[in-house]
Each structure stands twice: as C-alpha cells, then as structure tokens.
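# Need the 3D shape of this:
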Amino acid sequence: MRYAPTLDPAVTNARTMAQPAPISAPATQPVPAAAAPVPALGRRPLPGWIGALGLTLGQGGLALGLLVFLALPLAAILVKSVTDSDGGWAGLAVIAGIIGADGFLAMVGRSLAVGVVTTMLVVPCAYGFAYGLTRTRLAGKGLLRTIALLPLLAPSLLPGIALVYLLGNQGLLKGLTGGATIYGFWGIVVGEAFYTFPHALMILLTGLALADGRLFDAARAMGAGPWRTFLTVTLPGTRYAVFSACCVVFTLTVTDFGVPKVVGGDYNVLAMEAYKAVVGQQNFPKGAAIGILLLLPALLTFVLDRRLRARQGAQMSGRAQPYAPGVNGRRDAAFLALATVMAAFLLLIIGVAVWASFVKMWPYNLSMSLRSYDFDNMDGGGWLAWRNSLQLAFCTALVGTVVVFAGAWMMEKVPARAGMARGLRGMAGMLALMPMAVPGLVLGLGYIFFFNSPVNPLNVLYGTMPLLVLCTVVHFYTSAHLTACTALNALDPEFEAASASLKVPRITTFLRVTLPMCLPAALDVARYLFVSAMTTVSAVVFLYSPSTVLAAVAVLNMDDAGFIGPAAAMCTVIMASSAVAALALHLASRALVARSQAWRRPVAR
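Numbers count the residues shown, from 1 in each chain. This is a model prediction of the structure:
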C-alpha cells in the first residue's frame, strides 16, 4: 500500500513556504521568514504506555475468554466426575464404578475396534486419493477434489441415513448383503469412513504437496524404480502427515455419536453411552466420567501429533524444489480408476440421501414429492431449526473470524516486552491449541455442568443463541487460529518495521496493510466456521432450547421420532445451505482479493 505524505495540507504548505526565492527577484526583496518545521510523517504517535496497555488488555481478554469458555467447562467435567448424584464428594468411586460395571470394558473394546478399523480403511484410501491429486497427471483433479470434500458440508448423521436406505431392512441393495444387517459394527465403520475421509484427505494433501523434487531426481539418477522410490522417499517424507491423519480419523470416530445413533443398533460405543447417560438417563456424573475417558485418547494423540509436527518443522529445507510428475499413462489410469471408485462411493451416499428426501413414502410409494420438506408439520424443530442454524453459522463466522485474526495478530505480530504481556501471550497460545484435543461431545458436556450451574452468574446464557455461538467458535478455534497464524507469519516483518519508522499506529497497519494482505486466509476461516457451524451436532446437542433448536439437532430428533425421510430432507437442506454459502464466500473472496491485492498482478512493460 502506497503512503502519500504530500497529500497532507500542512506538509504541502510547509514545503511551499520552504522553497527558495526565484533568482530573478530584486535584491531589495525582503528575505522570507524561516520555514516552519516539517512535521513528522504519519500521525502523532501515542504514548508507549497506551500501546502496552492496549496489548495487555487485548491478550488478557483473549486469555480470559478462552479460560471461561474452554478451561472452566473442562474443569467442571472433572469436578462432576468425582461427585455423586447428590453433589457430594465421591473421589474416583464414580469412575471406578463405571469401569467395573458389567459390559463397560467390552464397550470400550468395541469403540477402539471401530476407531482402529475405520483408521485402517480411511487413511490408505485417502493417501491413494491424495497421491493421485498431487503426484500424477490425473485428469479432472478439480472435480475429484470437490467431490472428495463434499462430506464436509453434511452432518455426521447423513451417511447413517443413506446406509439405512441402501442396506437397511428395506434397503435398495439389501439382497446383495446375503442376509447380513447394516446395523452394527460394519454400518458404523462405513458411515464413519464417509464422515472422516475428507479430514484425512486434507492433511495428506498438505503432506504430499511439500515434496522436495531434488530427492526424486536423485532417486532416478541412482536407478531406483517407482516402487522403491515410494518406499524410500515418498512414504518417509509423509510419515508425519500419515500419523496426523490417523490421529484425526481415530479421534473423530471414537468421539462421534451421529453414525452410531442411526446404524449402531445393539453395538453400543462410548460416545453413544455418554449421550444416553445425559439425555436419556439424566445421569450427569456418569456422562462426565465417560467424557473424561473420551478426552484421554484425544489428548494423547494430540500431544504425540504436536511433537511429531515439531520434528517435521525442524527438518524442512528452504532449498526444496517443487516436484513435477512425469508422464506415465499406466500410473495415471490406475489412480484415475481408484479415485473414480472412491468418488462414486461418496456420491452414492450423498445421492441416495438426497433422492430419498424426495420419495413420497418409502418403500411403498417411490414417486417424487416434497412431503418430507414440510418440516413444520412434524417433530424435530421445523424450518425454525434451519433459520437458527443460518443465524448460528453467520454469527460464528463473523465473530469467530474477528476474534481469531485479532488474537493471532496480537500473538504473532505485536511484540510483548512487559512480563505480564508475555505471560498472557503464553497462556493464550496454550489455550488456543487446546480445542483441537477436546472432542465436541466433551465440550458440550462441560458447558452443561458449568453454564447450567445455579451458582454461576453466567447461567443466564444457557439455552441462548450467544452461548451456542461461543461454544461453536471455541470448538473450531484451533484450526482457524493456525490458519490465521500461517497467513500472518508469511508476511515480511519489514511491514511492521516500516510502519513503526513512519510512526503509524499498529492498529492502522493491521487494518490497512496486514488484513488486506491476509484477506484470502480470513475468508477461508469464515467459510470454515460457517460450514462447521451448520453441520455440528456433538458440541451443541446438550445446549439448545426449544427456541434455539438447530438443523443438525433436528435431524437427530427426526430420526428418534421415526421420520427418516424428513431427516434426509433436513440433511439435504443443510448441505445445500452450506454449499451456497461456501460458493458465495468463494466468489466474494475472488472479487475482494482482485480489488485489495491488485499489487499481486504483474505490471505490463
């Protein structure tokens, strides 16, 4: 951004007065008065203590917000897990009683089995898909990538509903199963595979895109074939991405109750048991104890993932060259077939759910009808739930983007010299990474115990839309925060140095320079938060009231009431709304970036 100090009238007048007299002027002409001193460029700087106070207040507010809306709810779960139903101290007796109950360890084993099998199924498939998109000359990469990311637009209950229509007791393909039922272990695995596939794909795409082309040139020069090159160069170079994908898939599978709720049948898992303990049995200590148990594997995988990511960052080379895949017809055809099969599976699940939402009466009358979309005449929440979800998504995207970018800017671009500011920055940084390790179900349980407590002055927020917005922002804070930090760290520190030398306030630099340059990342964060708020279930299923019921929760309620057609219709509405919003933000991003970042376009010579 150009800075034009000559447009300041005071500076212009001063420079005019300071010009020397013409040579042809008479000698007797009086000498002009001394020119007024030229003021410093930019605005008059504020006292240093004001900037330090503002930074301290900003970081303190961020740390306080994360403390109240993240740390304290988690502490409330811990307290609830060591108290009995009357509120008395019970120590570890509650957890010990739950673990020692008949069938509990078997339920833990079932949850672990589902998580492990889903991970073993999803990660190799996502790796092959990502390899085809990044390391081959695959035709239609853009279309295949779009199809692979479509499950992000749908709630986790959609694959379960689609599997019921495909392989349920009256499913379209029931005859192909040989009498086997979809309700149980394999139904949960297939549904979770659909739900977690795009999450693993995005991680692996990033890992495979960071290849150093010089290593492949060296492997070819040494006579290594394609398979040996893959085993010795490609796979070791992406091992951290593979581990991260495994952690994400396993954690999402173990802590999700949407798919088990629809197709789990008698195959009970931990997440479903926690949901039934709170909603069905009103046994809050049991729900808290199971929440603590669900938090442990998530924390373990998070810590291991962070350590491996740190080691990966230390091994990155600034001299790396981009990898350009060569021409190989058989390789490209094989990966095209693999990607096509996986894309067809994803489209089948989505297509069946959308088609079933227009069926008049399954399976007796398959004619097309809008009967399932008459939400106001059936249980679940009606069109009010959809409007509430749009309101939640819009507020989450707006508030979350502002808070995330302001917080990331204070931690990455504003120096903290005072001891208090450094302490607040460390606390805020630690709390900003914590939501990644907290499953949505656990966070929702914490909000029940903390905000629904009568001794908490903030209990007036319980059941209101502001609390749903805050919970959703906190739930998805880490991914948005890391995106903002990556964009801010990509900017040259010379921007801040130049602004400081011109005595321009930091907030002005942020609004006029930093934010316009980071506009693509800011819009990506807004899109991510909007779509996540439209599809989330686990974090908000305990927090809504009759006036704030959400569309994803309405799907759950409709399925409970036996309205599977309307549930599929509401999933379709959620997907369509998410897709329209994502497309609108994409088009807005292109228009705003073209206007605010014209400096990126090459200048014609």
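# rest of the way, CA atoms for contacts and neighbours
Fine.
# can you confirm Lys360 is in a helix?
No. Under the criterion used here (DSSP: H, G, I helix; E, B strand; the rest coil), Lys360 is strand, not part of a helix.
# neighbours of the residue nearest to it when sequence neighbours are not counted, just the number please.
Nearest residue to Lys360, sequence neighbours excluded (CA to CA, 6 or more residues apart in numbering): Ser369, at 5.1 Å. Using other CA atoms under 10 Å, the number of residues around Ser369 comes to 14.
# Repeat that for Leu543.
Neighbour number of Leu543 under other CA under 10 Å is 22.
# so is it in a helix, a strand, or just coil?
coil.
# any residues touching stretch 423-436, and which ones?
With CA atoms under 8 Å, 6 or more residues apart in numbering as the test, stretch 423-436 has contacts from 56, 59-60, 62-63, 66-67, 70-71, 302, 411, 416, 474-479, 481.
# Can you flag which of the residues you listed belong to helices?
56, 59-60, 62-63, 66, 302, 411, 474-475, 477-479, 481 (DSSP state H).
# State the pair within those residues that is farthest apart.
Pairwise distances across the ones in helices among the contacts of stretch 423-436 (CA to CA) peak at 29.2 Å, for the pair Thr56 and Phe302.
# picking that back up, which single one of the ones in helices among the contacts of stretch 423-436 is nearest to Arg220?
Proximity of those to Arg220 (CA to CA) peaks at Phe302, which lies at 36.8 Å.
# Within the helices and strands, which one has Tyr183?
Under DSSP states H and E, no helix or strand contains Tyr183.
# Angles on the backbone of it, please.
Tyr183 adopts backbone torsions of phi -80, psi 110, taken as degrees, to the nearest 10.
# my guess is it contacts Lys261, does it?
No. Tyr183 is beyond contact range of Lys261, at 10.2 Å (criterion: CA atoms under 8 Å).
# rewinding a little: let me see the contact set for the residue nearest to Lys360.
For Ser369, the contact set (CA under 8 Å, 6+ apart) comprises Phe358, Val359, Lys360.
# what's the pLDDT at the first one?
Spelled out, that is Phe358. Turning to Phe358, the model gives it a pLDDT of 92.
# how much space is there between it and Gly65?
44 Å (CA to CA, to the nearest Å).
# Between these two, which is the more surrounded one?
A direct count of neighbours by other CA under 10 Å for Phe358 and Gly65 places Phe358 higher, at 21 against 16.
# Looking at the ones in helices among the contacts of stretch 423-436, which gets the smallest pLDDT?
Thr56 (68).
# how about the contacts of Ser369 in a markdown table, adding distance to Phe284?
Shown next, in a markdown table, are those (distance: CA to CA, whole Å):
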| residue | distance to Phe284 |
| --- | --- |
| Phe358 | 39 |
| Val359 | 40 |
| Lys360 | 41 |
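# Check the offset of stretch 507-521 from the chain's centre.
How far stretch 507-521 lies from its chain's middle: 22 Å, per CA atoms, centre = their mean, to the nearest Å.
# and it, what's its mean pLDDT?
If you average the pLDDT over stretch 507-521, you get 80.
# distance between the ends of that stretch?
19 Å.
# Report how many residues lie close to Pro505.
When neighbours are counted by other CA under 10 Å, Pro505 registers 17.
# That one touches Leu511, doesn't it?
No. Counting by CA under 8 Å, Leu511 is not a contact partner of Pro505; they are 10.2 Å apart.
# Helix or strand with the lowest mean pLDDT in this structure?
In the chain, no helix or strand scores lower on mean pLDDT, DSSP states H and E than helix 9-17, which sits at a mean of 42.
# Flag every buried residue along stretch 449-460.
For stretch 449-460, burial by neighbour count (16 or more other CA atoms under 10 Å) applies to Phe449, Phe450, Phe451, Asn452, Asn459.
# An error on my part: the question was meant for stretch 372-381.
Counting neighbours by 16+ other CA under 10 Å, one finds that the buried residues in stretch 372-381 are Ser372, Tyr373, Phe375, Asp379, Gly380, Gly381.
# Helices - which of the residues you listed land there?
Those of the buried residues of stretch 372-381 lying in helices (DSSP H): none at all.
# now, which of those residues sits nearest Pro285?
Closest approach between those and Pro285, by CA to CA: Gly380, at 27.6 Å.
# who touches that closest one in this structure?
Counting by CA under 8 Å, 6+ apart, Gly380 touches Val553, Ala554, Val555, Leu556, Asn557, Met558, Ala561.
# possible to save the buried residues of stretch 449-460 as a markdown table with distance to Pro546 and secondary structure?
A markdown table is the format used below for the buried residues of stretch 449-460 (distance: CA to CA, whole Å; DSSP: H, G, I helix; E, B strand; the rest coil):
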| residue | distance to Pro546 | secondary structure |
| --- | --- | --- |
| Phe449 | 19 | helix |
| Phe450 | 20 | helix |
| Phe451 | 17 | helix |
| Asn452 | 16 | coil |
| Asn459 | 17 | helix |
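# Would it be right to say that Trp383 lies in a helix?
Yes. Trp383 sits within a helix when classified using three-state DSSP.
# And it, how far from Glu273?
Computed as CA to CA, the Trp383 to Glu273 distance reads 30 Å.
# Next: Arg137.
From Arg137 over to Glu273 (counting by CA to CA), the distance is 47 Å.
# ditto for Asp256
11 Å.
# Looking at the two, which has the bigger crowd around it?
Asp256 (23 against 19).
# Not counting sequence-adjacent ones, nearest residue to the more buried one?
Leaving aside its chain neighbours, Asp256 sits nearest to Ala271 (6.1 Å; criterion: CA to CA, 6+ apart).
# I figured that neighbour hits Val259, correct?
No. The criterion here is CA under 8 Å, and Ala271 misses it with Val259 at 10.4 Å.
# which of the residues in the host helix or strand of Ala343 are buried?
Here Ala343, judged by DSSP H and E, is contained in helix 329-356. By neighbour count with 16+ other CA under 10 Å, helix 329-356 contains the buried residues 332-333, 335-336, 338-339, 342-344, 346-350, 352-356.
# Check stretch 199-210 too.
Result for stretch 199-210 [16+ other CA under 10 Å]: buried residues His199, Ala200, Leu201, Met202, Ile203, Leu204, Leu205, Gly207, Leu208, Ala209, Leu210.
# Would you reformat those as JSON lines and include distance to Met430?
Shown next, in JSON lines, are the buried residues of stretch 199-210 (distance: CA to CA, whole Å):
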{"residue": "His199", "distance to Met430": "23"}
{"residue": "Ala200", "distance to Met430": "24"}
{"residue": "Leu201", "distance to Met430": "27"}
{"residue": "Met202", "distance to Met430": "24"}
{"residue": "Ile203", "distance to Met430": "22"}
{"residue": "Leu204", "distance to Met430": "25"}
{"residue": "Leu205", "distance to Met430": "27"}
{"residue": "Gly207", "distance to Met430": "25"}
{"residue": "Leu208", "distance to Met430": "28"}
{"residue": "Ala209", "distance to Met430": "28"}
{"residue": "Leu210", "distance to Met430": "27"}
